[in-house]
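**Student:** Show me how the following folds:
(chains A and B)
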Amino acid sequence: MKQLLSPGGGTQPTKFTLCLMFAAVLLLPFATDALLGRGWVRIMDFAMLYIMLALGLNIVVGYAGLLDLGYIAFFAVGAYCYALTGSPHLALAFPLLFPDGLHLSFWLVVPLAALLAGGFGVLLGAPTLRLRGDYLAIVTLGFGEIIRIFMNNLNAPINLTNGPQGISRIDPISMAGVSLNATQEIFGIVLPSVHLYFYLFLGFAALVVFVSQRLEKSRIGRAWMAIREDEIAASSMGINTRNLKLLAFAMGAMFGGVSGTLFAGFQGFVSPESFSLMESIMVLCMVVLGGMGNIYGVILGGLLLALLPEVLRHSVVPLQQALFGKTLIDPESLRMLLFGTALIVVMLYRPAGIWPSRVRRRELETDEAAEIV
Amino acid sequence: MNNILDVRDLQVGYGGIQAVKGIDLCIAPGELVALIGSNGAGKTTTLKTLAGLLVPGSGQICFDGQNLHKVAAHQRVSMGIALVPEGRGVFARLSVAENLLMGAYSRCDQDEIAADLARMYVLFPRLIERKDQLAGTLSGGEQQMLAMARALMSRPRLLMLDEPSMGLAPLMVKKIFETIREVAAQGMSILLVEQNARLALQVAGRGYVMESGAVTLSGAACDLLGSDAVQRAYLGA
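**Tutor:** Okay, the predicted model is just below:
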């Protein structure tokens, strides 16, 4: 019982189940490839990126309780960071300085993007230190839009972002001289590009999970939770609320920035379209739906919401064809309908998320107990 | 004798409105001082300023001989000033034990913290029964006890209590004040802000009476209790 209720996350799996899960995840791209086809492995890759984003946002929203509706901006910062420094594009903006563009190594860009995104996090955090709840949400929403619109319009007077056309021909990520954009053979196992990216993303996601877990149980994590509960009281406990709130914004933004670089390298192309408000809302939904503040819940939320639209896309049309002989409802419009319904149902029946954090679960249990009494 | 707290001509305002209009206040080590007054007299503003949550317009605050002018709120806690905020401010979604440990946030002596935690459970036996319960599910009085215990966990040298009797049943108020007396008897310097003037002056050694931002009366608690002005204004006699 003690182990089950260890402080921090939800239930803690044992070592054996952890090993089993690890093996299953390692085999996942092969199984998906064999059962559903290569396209699904690519979808899994995107799901991994979403999980990283959701975990990053969970630090800001779940731990520190700061509602951020512009989180995708940090993803954009990271993506454009690699798009600019790892493609021929800079040749257009500064032909004399970079005649072939700048082709920095991906592994150099990752820490740079993390720092830059973290800096943007502080930039967003600093003016909003005294705001909470809905006021903060509005400002962060504006921030997200500002970044996107900047990306959209920074093609003049100097063509920095190539505007709405976006930046293409971004260098693929390579590891130890091995490009991830081509099929590779390692120890006789044939690994297509999407598989390679899956393992790369898995590694990064594991790192994000590890850091999140350590943060949650640390002094910093406890301070964030105190700020979330009552800022005045937190400050009278000796917590430096200003610095810790900025740190939450910066840490969340760093995770977002790193996933952005992965996205840019994976896609080979970025454009402002990928960073719309809808994406911010989607990531927030993953956090809330999965279980705010609980790492496992957030992973589940990310996985579900990243995969669900794809499942629909692949099943709605064939299903209608089989039933009615023609397509009556476009899957795209059905997606929002079902998504909205799912949100309402989850919030009604599992208000703390599908897999709530220990604290939220306990809170609801005591509420129920109180109602029975 | 050096005072633990010395406040000179403190002025605090919100925008254009002056809430505290130049007050002087001092507390000797081990003294229990009551600050009484009606709603909107500026008592809470004074406490918040002393805790560093508000920035004074002018005036001087000295704690243990040190000027607090440039000291941030979180640093004042490690210097030894603890505030039990108005409305208690417990961390509702953390357990009682986690709340108490949060009180020791500014300390890093793990063994001593554990010993203090045990001491708090002796001082407030109700809390040990509820140590794994979420703080938000406690009754008002229990929350007040928790808030006090949490503040004591920082090992303060000056404990500031903002309206500990607010919204509590009379029996609970009695209990809380017994505990305040007990803590004071152990040598803690306490600044007690209360609307319940009679109760506050009964436990305090000295008292200040605040009225619309200024101190209008001060002196020994028993003298204030007997004074006609206080009797008329606050004790309804």
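**Student:** what about residue A:41, how many neighbours?
**Tutor:** 21 (other C-beta atoms under 10 Å in any protein chain shown). C-betas here are computed from N, CA, C, even on glycine.
**Student:** Close to chain A: what parts of chain B are there?
**Tutor:** Residues of chain B lying close to chain A by C-beta under 8 Å from any C-beta of the partner chain are B:51-53, B:72-75, B:77-78, B:82-85, B:89-94, B:98, B:101-103, B:105-106, B:133-134, B:136-137, B:147, B:150-151, B:154.
**Student:** Tell me which of those residues fall in strands.
**Tutor:** B:82-84 (DSSP state E).
**Student:** on that earlier part again, are any of the residues of chain B next to chain A buried, and if so which?
**Tutor:** Neighbour-count burial (16 or more other C-beta atoms under 10 Å in any protein chain shown) applied to those gives B:51-53, B:73-74, B:77, B:82-85, B:89-94, B:98, B:101-103, B:105-106, B:133-134, B:137, B:147, B:150-151, B:154.
**Student:** Check what pLDDT residue 29 gets.
**Tutor:** Answering for chain A, as no chain was given. We have a pLDDT of 86 for residue A:29.
**Student:** hm, I was asking about chain B
**Tutor:** 94.
**Student:** Excluding chain neighbours, what is closest to the spatially most central residue of chain A?
**Tutor:** Nearest to the geometric centre of chain A sits residue A:53, at 1.1 Å (C-alpha atoms, centre = their mean). Counting by C-beta to C-beta, 6 or more residues apart in numbering or on different chains, residue A:53 lies nearest to residue A:283, which is 4.9 Å off, once chain neighbours are set aside.
**Student:** Next, count neighbours for that neighbour.
**Tutor:** With other C-beta under 10 Å as criterion, residue A:283 counts 30.
**Student:** Name the helix or strand for the closest residue to residue A:247 other than its chain neighbours, please.
**Tutor:** Spatial nearest neighbour of residue A:247, chain neighbours left out: residue A:220 (6.8 Å); criterion: C-beta to C-beta, 6+ apart. Using DSSP states H and E, residue A:220 falls within helix A:219-229.
**Student:** List the buried residues of that helix.
**Tutor:** Quick answer for helix A:219-229 (16+ other C-beta under 10 Å): A:220-229.
**Student:** Residues in contact with stretch B:129-146: which ones?
**Tutor:** A:359, A:362-363, A:366, A:370, B:84, B:88, B:90-97, B:99-100, B:121, B:124, B:126-127, B:164, B:167-169, B:172, B:175-176, B:179 (C-beta atoms under 8 Å, 6 or more residues apart in numbering or on different chains).
**Student:** so how far is residue B:33 from residue A:188?
**Tutor:** Residue A:188 sits at a distance of 81 Å from residue B:33 (criterion: C-beta to C-beta, to the nearest Å).
**Student:** isn't residue B:127 right next to residue B:149, touching?
**Tutor:** Yes - here residue B:127 reaches residue B:149: they are 6.1 Å apart, a contact under C-beta atoms under 8 Å.
**Student:** quick one: contacts for the residue nearest to the centre of chain A?
**Tutor:** For residue A:53, the contacting residues are A:71-72, A:75, A:255-256, A:259, A:283, A:286, A:302, by C-beta under 8 Å, 6+ apart.
**Student:** buried sites along the strand or helix carrying it?
**Tutor:** Per DSSP H and E: residue A:53 is located in helix A:38-57. Going by neighbour count (16+ other C-beta under 10 Å), the buried part of helix A:38-57 is A:40-57.
**Student:** what's the following helix or strand after that helix?
**Tutor:** helix A:72-85.
**Student:** tell me the angle that next one makes with helix A:38-57.
**Tutor:** For helix A:72-85 against helix A:38-57, the angle by axes from the mean of the first three to the mean of the last three C-alpha atoms, to 10 degrees is 120 degrees.
**Student:** Output the contacting helices and strands for helix A:72-85.
**Tutor:** Contact here means 3 or more C-beta pairs under 8 Å, 6 or more residues apart in numbering or on different chains; DSSP states H and E; on that basis helix A:72-85 packs against helix A:38-57, strand A:102-103, helix A:106-125, helix A:133-153, helix A:241-267, helix A:277-290.
**Student:** Tell me the buried residues in the top helix by length along chain B?
**Tutor:** As assigned by DSSP state H, the longest helix anywhere in chain B is helix B:170-185. For helix B:170-185, a neighbour-count test (16+ other C-beta under 10 Å) marks B:172-173, B:175-177, B:179-180, B:183-184 as buried.
**Student:** Export those residues to CSV and append columns for pLDDT.
**Tutor:** CSV is the format used below for the buried residues of helix B:170-185 (pLDDT from 0 to 100):
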residue, pLDDT
B:172, 91
B:173, 93
B:175, 91
B:176, 93
B:177, 94
B:179, 92
B:180, 94
B:183, 93
B:184, 94
